[in-house]
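Asks: From the sequence below, what's the structure:
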Amino acid sequence: MGIYINPGNDGFRKAVRSEIYVDKTELIACTNRYIDTEQQFICVSRPRRFGKSVTLAMLAAYYSRGCDSRELFDGWKIAKSPSFLENLNRYDVIFLNMQQFLTGPENLGFTEYLEQEVLEEVLEEYGADVRKENRGLSDALKRIYARTGKRFIFLIDEWDCVMRERQESEELQRQYMDFLRHLLKDQPYVALAYMTGILPVKKYGCHSALNMFWEYSMTGPGIFEEYTGFTQKEVKKLCERYEMDFAEAGSWYDGYQFREFHHIYNPKSVVEAMHRREFANYWTSTETYEALKIYMDMDFDGLRADIVQMLGAVPVRVNTRSFQNDMRSFQTKDDVLTLLIHLGYLAYDSKKEEAFIPNREIAREFENAMSTGGWTEIVRVLKASERLLERTLSCDEKSVAEGLDEAHTQAASILTYNNENSLACAVSLAYYSARKEYKMIRELPSGRGFADIVFLPLPYCRKPALVVELKYDKSAESAVRQIKDRCYTQALEGFAGEILLVGVNYDKDSRDKPHSCVIERVKKEL
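Replies: The predicted structure is shown next:
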């Protein structure tokens, strides 16, 4: 067992011996399919806290020659796969955590230090098959393959650390990419290469420097959807085991969605919540809000309005294709939003090509970033939202209308009312604090149309549901009448109890009191 070559199974053994381990071993069946195929180069990018390193430890334990991992995998899902024994501990693995090579000796560059360290171990392991006067790591591996027929599986962690931590050094990035291409591309000794990081493969010009890689990212995870984070079924089991509220877990950590799996949870935060028996914002344990604020404050036209719109629970359209897969080559607001998707601050609906804030945990990060300046008006709206909810629950129509006027005034510098969708965004923002106890649903299908905004109380909240209908240059009374006529309350399946029908109208010609509000109480039986 070596440092870089065949590192063994200790890392994965530690993971499965932990109090909480969610079985993701079926991912191995996916990688087994791609050994010695045109798809053998795999780049899986994920945000921090999404289990990338645990996955690599699992793959190292499974493929590494020289250790016996059969008992370690016994009882886990992969053990039932037809390909399990076929590839178990059958390959020489080269495991590289690129972060470890960034702080090497001053007299050696990044790639020189990496090559020196790994080559030294190669010579120790395969000295009989390699001449010491070979020209480098790639040449040594070619000679090993020529003499023994041995092929290697490359596992690369933090592959993008150079792009993230040496953003200003374009030359170092190019050298690094050239090194990877020379090491991996068209080399007969490569059986599989699986690398992971936060960013997809960096692009240069109109071509990718590592165009042999098949990319699976937060904007297109492909067959790795299920292994991106925890699924709804997995989190439900954990909540039952630890007697935690499943609905509240979803409110805090759910929200990442893909084509097949529409509910993907942040795994690290779920595990921490279960261990501590408390739902809270655990994102800040590995990231600080200053990192998010840098990108929020970038001066791209429309970026601030898009962020406010997403805080108001309204998704925004994003073109993810122009992003250069680095952290400094920004040309448009779409590039910034795409980076935030890869960093996990935004979720992405690939069918609609829309981005949105996934959950309460991430919303808290946006709140924290806004609190330090530059977003004063929006912060005031958020702080006032709790008071607005109280006024609504007490059916104080006049005070609710005044609160909406105040929220509109504060947000006017960023949001402009020009249609009902803009009004919906502003009203959602004005009721921001309600999401602590309610699930907010925009455009809820009712069978006879769509209810504009529904606030459905979470199981632990004993407050009435809210059905909010918005009108633009009409009347609040007509909004309430529409809720009744179209039976919007019947869309609240499984809910029984008090419901507040809230009609809101915005009169663009009224400068003093543009909002009006009507609230009615009704009861719904199961």
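
Asks: pLDDT value on residue 414, please?
Replies: Among the per-residue scores, residue 414 shows a pLDDT of 76.

Asks: scratch that, residue 134
Replies: 62.

Asks: Find the nearest non-adjacent residue to residue 380, please.
Replies: If you skip the residues right next to it in sequence, residue 380 has residue 410 as its closest partner in space, 4.9 Å away by C-beta to C-beta, 6 or more residues apart in numbering. C-betas here are computed from N, CA, C, even on glycine.

Asks: Run through who's touching the strand or helix carrying the one you found.
Replies: Using DSSP states H and E, residue 410 sits in helix 397-411. The set of residues external to helix 397-411 that reach it, using C-beta atoms under 8 Å, 6 or more residues apart in numbering, is 308, 377-378, 380-381, 384-385, 387-388, 391-392, 417, 426-427, 429-430, 502, 504, 506, 513-519.

Asks: quick one: which of the residues you listed sit in strands?
Replies: Where the contacts of helix 397-411 overlap with strands, as defined by DSSP state E, the overlap consists of 502, 504, 506, 515-519.

Asks: Show me which of these are buried.
Replies: Neighbour counting over these (16 or more other C-beta atoms under 10 Å) leaves 502, 504, 506, 515-519 as the buried ones.

Asks: from the residues you listed, which two are the most distant?
Replies: Comparing every pair within these by C-beta to C-beta identifies 506 and 519 as the most remote, at 16.2 Å.

Asks: The residue nearest the centre of the chain: what's it in contact with?
Replies: With distances taken as C-alpha atoms, centre = their mean, the residue of the chain nearest its centroid is residue 344 (3.4 Å). The contact partners of residue 344, taken as C-beta under 8 Å, 6+ apart, are 46-50, 218, 256, 266, 362.

Asks: That one and residue 48: what is the separation?
Replies: Residue 344 sits 7 Å away from residue 48, going by C-beta to C-beta, to the nearest Å.

Asks: Okay, and which of the contacts of residue 344 map to helices?
Replies: Using DSSP state H, the members of the contacts of residue 344 that fall within helices are residue 362.

Asks: Which residues are in contact with the closest residue to residue 169 other than its chain neighbours?
Replies: Leaving aside its chain neighbours, residue 169 sits nearest to residue 162 (7.9 Å; criterion: C-beta to C-beta, 6+ apart). If a contact means C-beta under 8 Å, 6+ apart, then residue 162 has 98, 102, 110, 169, 172-173, 176 as its contacts.

Asks: From those, which land in strands?
Replies: When DSSP E is applied, the contacts of residue 162 are split such that none fall in strands.

Asks: Helices of the stretch 301-450 of the chain, start to end?
Replies: Under the criterion DSSP state H, counting those that start in this stretch, the stretch 301-450 of the chain carries helices at the ranges 303-311, 333-343, 360-370, 376-393, 397-411, 420-430.

Asks: again, but for the stretch 1-150 of the chain
Replies: For the stretch 1-150 of the chain, applying DSSP H, counting those that start in this stretch gives helices covering 10-16, 27-34, 52-63, 70-73, 84-87, 110-126, 137-148.

Asks: CA atoms of the fourth one as PDB?
Replies: In this case it means helix 70-73. Presented in PDB, the C-alpha positions along helix 70-73 are these (Å, rounded to 0.1, in the frame of the first residue of the first chain):
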ATOM      1  CA  ARG A  70     -14.500  -8.100  -0.500                       C
ATOM      2  CA  GLU A  71     -15.500  -8.300   3.200                       C
ATOM      3  CA  LEU A  72     -15.600  -4.500   3.400                       C
ATOM      4  CA  PHE A  73     -18.200  -4.200   0.600                       C
END
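
Asks: for that helix, packing partners?
Replies: Using 3 or more C-beta pairs under 8 Å, 6 or more residues apart in numbering; DSSP states H and E as the contact criterion, the elements in contact with helix 70-73 are helix 10-16, helix 52-63.

Asks: deepest of those, which one?
Replies: The highest average neighbour count among the helices and strands packed on helix 70-73, using mean count of other C-beta atoms under 10 Å, belongs to helix 52-63 at a mean of 23.

Asks: Which strands and helices lie in contact with that helix?
Replies: Contact here means 3+ C-beta pairs under 8 Å, 6+ apart; on that basis helix 52-63 packs against helix 10-16, helix 27-34, helix 70-73, strand 92-97, strand 152-157, strand 190-197.

Asks: now the chain, which segments are flagged as low pLDDT?
Replies: For the chain, residues meeting the criterion pLDDT under 70 lie at 131-134, 203-208, 285-288, 413, 416-421, 447.

Asks: picking that back up, now tabulate the helices of the stretch 301-450 of the chain in CSV and tack on distance to residue 24.
Replies: Formatted as CSV, the entries for the helices of the stretch 301-450 of the chain read as follows, by distance: least, C-beta to C-beta, whole Å:
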stretch, distance to residue 24
helix 303-311, 29
helix 333-343, 20
helix 360-370, 21
helix 376-393, 37
helix 397-411, 42
helix 420-430, 35
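
Asks: Out of those, flag the one nearest residue 462.
Replies: Proximity of the helices of the stretch 301-450 of the chain to residue 462 was assessed by C-beta to C-beta; the nearest stretch is helix 376-393, lying at 11.5 Å.

Asks: State the distance from residue 162 to residue 197.
Replies: The span separating residue 162 from residue 197 equals 10 Å under the rule C-beta to C-beta.
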